[in-house]
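Student: Okay, here's the prediction I keep looking at, along with the sequence it came from:
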Amino acid sequence: MRYWAYLAGKIFFCAAFMYGLLCLLDHFFPADNHHHIIPPGILLYMLLMGLWFLASSGLLFVCIWAQRCRCRVCLRRLRMPVETGSWGGMLLLGRPRIEYICPYGHGTLKLAELQISGLENPEWNPNGEIWEELCASAHDADERP
């Protein structure tokens, strides 16, 4: 739930910023509905509105793209990319993938190295209680005589 709330918050703040920029553009280019002729600054206004649209679309894309490589639990950036598989051994090892891991051990994210058949969803694998599993071997060694 935190993961989606963080994404919604990022999109909300980017949308608020872009709306403020739109209001600023409309303030400098007020609408003149009294005349039936083309105002002299319409070309500049249309150019700026096109750039505003491109910036808004780009900001939305960056928000979603940056969210993909975040931990689903702690929202930190995933680290340590490891390449698995190879094109030469695709029948044995599968297609090449890049795996990222959370620095705090919450899980791993597997992304396809090359997306041939359209967009594939990244595969998030939560590790669960990895620290308990790692410490269990130390407790077993202490209990042995």
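Tutor: Noted; the coordinates are in hand.
Student: what's the closest non-adjacent residue to Met90?
Tutor: In space, Met90 comes closest to Pro96 once its chain neighbours are excluded; the distance is 7.8 Å by CB to CB, 6 or more residues apart in numbering. (Each C-beta comes from the backbone N, C-alpha and C, glycine too.)
Student: Could you check how many residues crowd around Leu48?
Tutor: For Leu48, the neighbour count with other CB atoms under 10 Å is 16.
Student: What does the pLDDT read for it?
Tutor: Among the per-residue scores, Leu48 shows a pLDDT of 92.
Student: Go ahead and list the helix or strand containing it.
Tutor: Following DSSP states H and E, one finds Leu48 within helix 42-68.
Student: buried set for that helix?
Tutor: When burial is assessed from 16 or more other CB atoms under 10 Å, helix 42-68 yields the following buried residues: Leu48, Ser56, Leu59, Cys63.
Student: likewise stretch 18-35?
Tutor: Within stretch 18-35, the residues scored as buried using 16+ other CB under 10 Å are Met18, Phe29.
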